[in-house]
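Trainee: With the input below, show me the fold.
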Amino acid sequence: MSDHPHPSDEFELYDLKVVVESIEGNCTCNMTEGDHFFLNGGKISFPGQQDFCLFALQSVIPLLPAKQRQCHPADWMETDSRCVCPDPACRLTMRIDRIAKRQLKHDDVSPVPWDEVDH
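Mentor: Coordinates of the predicted model:
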């Protein structure tokens, strides 16, 4: 633990909307253009009773924490927003949209108390 005053425990994340932008093949999971889900903080939500392809979902999930954060303007995470389903017969493309910013506090999202972190 540091003896210096602690910096703010608040930080910003983008809320995201992941949208099926196009399907140029045969999607056996019955996805359609416009299907989507939201990521708000650390929670994924699906509208209504909407299904979402597990394989498409697993391909986009690793990118989402980085897309929630502001990166350097030249970083590819700032300029690129598309991801594809790994099924080569499906050819489904998703787009990751930043839709809003939210303010979060460290202690609301971490089991490690902010006051115990070396700053």
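Trainee: C-terminal to the lengthiest helix in the chain, what's the next element?
Mentor: Across the chain, the longest stretch assigned as helix under DSSP state H is helix 54-60. Scanning forward in sequence from helix 54-60 by DSSP states H and E, the next helix or strand is helix 64-67.
Trainee: List the buried residues of the longest helix of the chain.
Mentor: Buried positions in helix 54-60, judged by neighbour count with 16 or more other Cβ atoms under 10 Å: 56-57, 59-60. Where you see a C-beta, it was placed from the backbone N, CA and C, and this is true even at glycine.
Trainee: again, but for stretch 94-105
Mentor: For stretch 94-105, by 16+ other Cβ under 10 Å, it's 94, 96.
Trainee: Where do the helices of the chain begin and end?
Mentor: Under DSSP H, the chain gives helices at 54-60, 64-67, 76-79, 106-109.
Trainee: how about the second one as PDB, C-alpha atoms only?
Mentor: Output for helix 64-67, consisting of C-alpha atoms alone and laid out as PDB, is shown next (Å, rounded to 0.1, in the frame of the first residue of the first chain):
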ATOM      1  CA  LEU A  64     -15.100  -6.900 -26.000                       C
ATOM      2  CA  PRO A  65     -13.100  -5.800 -22.900                       C
ATOM      3  CA  ALA A  66     -10.700  -3.900 -25.200                       C
ATOM      4  CA  LYS A  67     -13.500  -2.300 -27.100                       C
END
